[in-house]
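Enquirer: Sequence and predicted structure below; questions after.
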Amino acid sequence: MESETKVKVKALPQCTRCQGSLVMDREHDLVTGLALPVLLCVNCGCRTPLMKHPAPLYRN
């Protein structure tokens, strides 16, 4: 008899407007050199920022 292993899978985040699937994306500002990670809804295009302030693209 083989033992069954149960794997816990985290639920994917859902959009607050339409309950669609969210994917990671990053908004870039090439003039100032800043980037802001966001969650992008595949269904409605709603963007939810993950950080309050943008981070620099390059660190020295």
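Expert: All right, it came through fine.

Enquirer: how about the strands in this protein?
Expert: In the chain, the strands defined using DSSP state E lie at 22-29, 34-41, 47-49, 55-56.

Enquirer: Mean neighbour count and mean pLDDT added to these, as TSV?
Expert: For every residue, glycine as well, the C-beta is placed using N, CA and C. As requested, the strands of the chain are arranged in TSV below (neighbours: other Cβ atoms under 10 Å; pLDDT from 0 to 100):
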stretch	mean neighbour count	mean pLDDT
strand 22-29	13	92
strand 34-41	17	94
strand 47-49	12	93
strand 55-56	10	90
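
Enquirer: Which of these sits closest to residue 16?
Expert: Shortest separation from residue 16 across the strands of the chain is recorded for strand 47-49, at 7.5 Å, computed as Cβ to Cβ.

Enquirer: still on that earlier bit, let me have the strands of the chain in JSON lines, adding distance to residue 14 as columns.
Expert: As requested, the strands of the chain are exported to JSON lines (distance: least, Cβ to Cβ, whole Å):
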{"stretch": "strand 22-29", "distance to residue 14": "7"}
{"stretch": "strand 34-41", "distance to residue 14": "9"}
{"stretch": "strand 47-49", "distance to residue 14": "11"}
{"stretch": "strand 55-56", "distance to residue 14": "25"}
